[in-house]
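In: Sequence first, predicted model second:
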Amino acid sequence: MPDLNALATTHLATARVDERGRSAELVVHDGELRQTVIALARDTRLPEHNSPPAASIQVLAGRIRVELDTHVQGELGAGELWTLTHERHSVLALEDSAFLLTTVTSVGRESSS
């Protein structure tokens, strides 16, 4: 089992020195289910992107903002969980942050486990 606190700490340290200000690791891959730890240094943005059929963000450390165009969809802090909409969005780190992104990449197929 992955230790999310340890992964958050490791990836935050990497993001702080990375030229793009980020670090990530896929920790669960089971059929359509994916869980990825993502760390972003303060003021780093994941550019606008499409959402998969289902997704959520659980903030492990720091504070992030989910944005739709120029509108704030939500601000989340450590321990908070957010279900993403199916609209294109970006994510901005308001401070050094790490989160667990859970996605379902498609529907209608059996799990590979």
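Out: The structure has been received and is ready for your questions. Note that this is a predicted model, so its numbers are computed, not measured.
In: For the helix or strand residue 8 falls within, name the packing helices and strands.
Out: Using DSSP states H and E, residue 8 sits within helix 4-17. Applying 3 or more CB pairs under 8 Å, 6 or more residues apart in numbering; DSSP states H and E, we find helix 4-17 packed against strand 22-30, strand 33-40, strand 54-61, strand 97-104. (Each C-beta comes from the backbone N, C-alpha and C, glycine too.)
In: Let's have these in a markdown table, adding mean neighbour count, distance to residue 11 and mean pLDDT.
Out: What follows is these, written out as a markdown table (neighbours: other CB atoms under 10 Å; distance: least, CB to CB, whole Å; pLDDT from 0 to 100):
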| stretch | mean neighbour count | distance to residue 11 | mean pLDDT |
| --- | --- | --- | --- |
| strand 22-30 | 15 | 4 | 96 |
| strand 33-40 | 21 | 4 | 96 |
| strand 54-61 | 18 | 9 | 95 |
| strand 97-104 | 22 | 6 | 96 |
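In: Those: which one's closest to residue 80?
Out: strand 54-61 (5.3 Å; CB to CB).
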